[in-house]
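K.L.:
no FASTA, just this:
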């Protein structure tokens, strides 16, 4: 979609408010036409070129009244536009987040954190700045046509001569648009690198410290900032150079005016008032010419910015990004109510599940799997065998082929269907937020104190919480940096238990747990009746012994399926995996 069409769609959000803002700013930018004319008449009256000198007080009074009214318009216009800007930019960002979090289907966001932050922050602002140019545009056009009309009524020839330096400003700006776009893009890319690196650095601070790589990482950070500084200077230099040229072009136009009328001042056909009109209009007119050139640059920047927005939101249709549903601002509840479902879990079936990596390599090749109510099902296999991919495909985190059914009903959109309270999922590397442990467990849901303690007990986390400095109110730090690996995994498990989901999906949750703790965790799931079933990726013996059915994965396919005794008898791969787990018995 073109930048112009994007602006038209954005104008549909609160159109009356937008129209009123445009009207007020048109008055603001267009009213100086009257000021210039009145100043000319005042000087003519004072110099005696007007019929009656006392008439000077009439334009003075009009001038003062308009100036006062203009200040009122400015005040109202600022309030209206700032309010509109904030709402519209929030609308765009909300639409982007809504699509990423709630849209049907699976999608993979391949961009870095820095790129995503830059898109949400800077690219949305670029689009809004382009929209703002249309709010100002009416007044600029009104002033331009009005001032040229007044000057032409005084002296057509001189007006045409003065247009030469003014139009040259427009031509120069237009010629530099590609370079402006290039330098802006380079600066944005450099900023993305710095932003992303800061996020990665804070997330991996312990690893950096243990590796003794602090000086190296900081040196690289300085290099990134130096590169950004260099690119920012290039961008600012070009911008300021253009601004300076525009200012100087106005000075040149003033000089031409003074030279051209030097011999005519005092003559009946060109008065001091006429000269004042030209000198009053020229600087502002030069700035407006530069604005026209800037519109072309903003048009290109907005187009690039929206392309980046579309790439960040992956497969979002334009209508979803530009959705104009009115925002509702109200007192927000600190938590959301749990979802309710009417299809109690009885059976999950996966048939011929397939996945192909973006590079064309097959990740899954026709996986069949079943989980029934009350079962503890384990996926096991060597690294890279496709265990985690099966879970991600089931949950709609990656696009797959095949058929998934819940209680015999085909699931068309797994990404939207397999969420609490149907399922709860903990990935291989749990993600905690820089918040209290209680908030990380509740995850924005309404969880009572009793349910919170119940979830912690099921996750075998109670003793650890008692040892924390502030218990449930302990801040866990960025990505749970204040917790051990086992505490992070059990905190993520507690988050799952707090949802009271029917089907719990664990991806190698027990990798950082000792054998005793892991056994307590698995047994607690069914002993407490906290879930209807569990689907677990694990190679650990406590999970394998507890399993009602085991699927042995090899090369993206199921190599064997059955109870522990059955797969040990049928699969050499399973016997190899079981033997490799023997050291656990001595712990």
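P.N.:
Arrived safely, thanks for sending. Values in this document were obtained by computation on a predicted structure and should not be read as measured data. Residues are numbered from 1 along each chain as shown.

K.L.:
count the neighbours of residue 20 for me.
P.N.:
16 (other CB atoms under 10 Å). In this view, the C-beta of every residue, glycine as well, is placed from N, C-alpha and C.

K.L.:
what does residue 366 give?
P.N.:
Quick note: residue 366 (other CB under 10 Å) scores 14 neighbours.

K.L.:
next, it: secondary structure please.
P.N.:
strand (DSSP: H, G, I helix; E, B strand; the rest coil).

K.L.:
give me the mean pLDDT for stretch 463-477.
P.N.:
Model confidence over stretch 463-477, given as mean pLDDT, is 83.

K.L.:
swap that for stretch 428-438, please
P.N.:
Averaging pLDDT residue by residue across stretch 428-438 gives 82.

K.L.:
so which residues of the stretch 251-400 of the chain form helices?
P.N.:
272-312, 318-321, 387-394 (DSSP state H, counting those that start in this stretch).

K.L.:
in terms of mean pLDDT, which of those helices ranks lowest?
P.N.:
helix 272-312 (a mean of 79).

K.L.:
which secondary structure elements does that one sit against?
P.N.:
If contacts are counted by 3 or more CB pairs under 8 Å, 6 or more residues apart in numbering; DSSP states H and E, helix 272-312 sits against helix 3-10, helix 32-47, helix 57-102, helix 124-154, helix 156-175, helix 177-203, helix 214-261, helix 318-321.

K.L.:
and that helix with helix 3-10, angle?
P.N.:
Calculated by axes from the mean of the first three to the mean of the last three CA atoms, to 10 degrees, helix 272-312 forms an angle of 90 degrees with helix 3-10.

K.L.:
single out the most deeply packed of the helices and strands packed on helix 272-312.
P.N.:
helix 32-47 (a mean of 20; mean count of other CB atoms under 10 Å).

K.L.:
any regions of the stretch 1-150 of the chain where pLDDT drops low?
P.N.:
1, 48-57, 105-112 (pLDDT under 70).

K.L.:
mind doing that once more with 50?
P.N.:
52-54 (pLDDT under 50).

K.L.:
to residue 248, which of the helices of the stretch 251-400 of the chain lies closest?
P.N.:
With CB to CB, the closest approach to residue 248 among the helices of the stretch 251-400 of the chain belongs to helix 272-312: 9.1 Å.

K.L.:
what angle separates that closest one from helix 177-203?
P.N.:
Using the same axes, to 10 degrees: helix 272-312 against helix 177-203 is 50 degrees.

K.L.:
angle of helix 272-312 against helix 156-175?
P.N.:
Using the same axes, to 10 degrees: helix 272-312 against helix 156-175 is 20 degrees.

K.L.:
how far does helix 272-312 sit from its chain's centre?
P.N.:
Centroid separation between helix 272-312 and its chain, computed with CA atoms, centre = their mean, to the nearest Å, is 28 Å.

K.L.:
which residues does residue 439 contact?
P.N.:
Contact analysis of residue 439 by CB atoms under 8 Å, 6 or more residues apart in numbering lists residue 433.

K.L.:
so which strand or helix has it?
P.N.:
helix 437-442 (DSSP states H and E).

K.L.:
for the helix or strand just after that helix, packing partners?
P.N.:
Sequence-wise, the next helix or strand downstream of helix 437-442 (DSSP H and E) is helix 449-458. Contacts defined by 3+ CB pairs under 8 Å, 6+ apart place helix 449-458 against helix 437-442, helix 462-467, helix 485-499, helix 515-527.

K.L.:
so for the last one, what gets flagged as buried?
P.N.:
Translated: helix 515-527. Buried residues in helix 515-527, counted by 16 or more other CB atoms under 10 Å: 517, 518, 519, 520, 521, 522, 524, 525, 526.

K.L.:
same for the following helix or strand past it, what does it pack against?
P.N.:
Sequence-wise, the next helix or strand downstream of helix 515-527 (DSSP H and E) is strand 533-537. Using 3+ CB pairs under 8 Å, 6+ apart, the elements in contact with strand 533-537 are strand 362-372, strand 376-381, helix 387-394, strand 503-507, helix 515-527.

K.L.:
any chance of the ones you listed in TSV with distance to residue 348 as columns?
P.N.:
Output for the helices and strands packed on strand 533-537, formatted as TSV (distance: least, CB to CB, whole Å):
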stretch	distance to residue 348
strand 362-372	4
strand 376-381	9
helix 387-394	8
strand 503-507	7
helix 515-527	16
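
K.L.:
for residue 294, see how far away residue 500 is.
P.N.:
57 Å (CB to CB, to the nearest Å).

K.L.:
the two: which has the busier surroundings?
P.N.:
residue 294 (21 against 17).

K.L.:
could you check how far that one is from residue 185?
P.N.:
Taking CB to CB, one finds residue 294 at 17 Å from residue 185.

K.L.:
tally of neighbours for residue 381?
P.N.:
Neighbour tally, residue 381, other CB under 10 Å: 25.

K.L.:
would you confirm that it contacts residue 576?
P.N.:
No: Residue 381 is beyond contact range of residue 576, at 10.5 Å (criterion: CB atoms under 8 Å).

K.L.:
would you convert the helices and strands packed on helix 449-458 into a markdown table that also reports distance to residue 44?
P.N.:
Formatted as a markdown table, the helices and strands packed on helix 449-458 follow (distance: least, CB to CB, whole Å):
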| stretch | distance to residue 44 |
| --- | --- |
| helix 437-442 | 73 |
| helix 462-467 | 85 |
| helix 485-499 | 79 |
| helix 515-527 | 92 |
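
K.L.:
out of those, which is closest to residue 374?
P.N.:
helix 515-527 (7.4 Å).

K.L.:
what packs against the closest one?
P.N.:
strand 376-381, helix 449-458, helix 485-499, strand 533-537, helix 541-546.

K.L.:
now the shortest one: how far from the chain's centre is it?
P.N.:
Put plainly, it is strand 533-537. Using CA atoms, centre = their mean, the offset of strand 533-537 from its chain centre is 34 Å.

K.L.:
partner strands of that strand, parallel or antiparallel?
P.N.:
Strand 533-537 has these partner strands in its sheet, going by DSSP bridges: strand 376-381 (parallel), strand 503-507 (parallel).

K.L.:
now the ones you listed in JSON lines, with mean pLDDT?
P.N.:
Formatted as JSON lines, those follow (pLDDT from 0 to 100):
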{"stretch": "strand 376-381", "mean pLDDT": "93"}
{"stretch": "strand 503-507", "mean pLDDT": "91"}
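
K.L.:
out of the helices and strands packed on strand 533-537, nearest to residue 135?
P.N.:
Comparing these under CB to CB, the one sitting nearest is helix 387-394, at 45.8 Å.

K.L.:
what's the angle between the closest one and strand 376-381?
P.N.:
Using the same axes, to 10 degrees: helix 387-394 against strand 376-381 is 130 degrees.

K.L.:
can you list contacts of helix 387-394?
P.N.:
350, 353, 355, 363-364, 367, 369, 379-381, 398, 400, 402, 404, 414, 418, 425, 428, 505, 507-508, 535, 537, 553, 556.
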